[in-house]
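Participant: Fold the following and give me the result.
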Amino acid sequence: MSAKGERLHLRVDAEQKALLEAASAATGASVSTFVLAAATEAAADVLADRRVFVLDEQDWLAFDEAMNRPATDVSGLRELLSGPTVLDAPQTGGQR
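Facilitator: Next up is the predicted model:
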């Protein structure tokens, strides 16, 4: 890991601060170390849910078979995806 040159600033209420201080003391870590470790682990978990999924053998075989099937045309899908959308409509009245 590289040297730490970046900072995060957090505002917490008194109850949150007391909770973080108690938890960090219980683990023998500073509040900064405790918060950084917990936040980093939570961030990795959030991102892992978007990049990695686990299947049992039966589900993996079904997934693998579906991924290896030749692509097929879905009636109307090409037209739907190539036509204009509500996002293409001109904005009126200052609404976004």
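Participant: and whichever strand or helix holds residue 50, which residues are buried?
Facilitator: Taking DSSP states H and E as the criterion, residue 50 maps to helix 31-51. For helix 31-51, the neighbour count (16 or more other Cβ atoms under 10 Å) marks 34, 35 as buried. (Each C-beta comes from the backbone N, C-alpha and C, glycine too.)
Participant: Could you export the next helix or strand along the chain from it as PDB, CA atoms only?
Facilitator: As assigned by DSSP H and E, the chain's next helix or strand after helix 31-51 is helix 57-68. Taking C-alpha atoms only, helix 57-68 is exported to PDB below (Å, rounded to 0.1, in the frame of the first residue of the first chain):
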ATOM      1  CA  GLU A  57     -22.500 -26.600  -9.800                       C
ATOM      2  CA  GLN A  58     -26.000 -27.000 -11.200                       C
ATOM      3  CA  ASP A  59     -26.600 -23.300 -11.600                       C
ATOM      4  CA  TRP A  60     -23.100 -22.800 -13.100                       C
ATOM      5  CA  LEU A  61     -23.900 -25.500 -15.700                       C
ATOM      6  CA  ALA A  62     -27.200 -23.800 -16.600                       C
ATOM      7  CA  PHE A  63     -25.400 -20.300 -16.800                       C
ATOM      8  CA  ASP A  64     -22.600 -21.700 -18.900                       C
ATOM      9  CA  GLU A  65     -25.000 -23.300 -21.300                       C
ATOM     10  CA  ALA A  66     -27.000 -20.100 -21.600                       C
ATOM     11  CA  MET A  67     -23.800 -18.100 -22.300                       C
ATOM     12  CA  ASN A  68     -22.600 -20.500 -25.000                       C
END
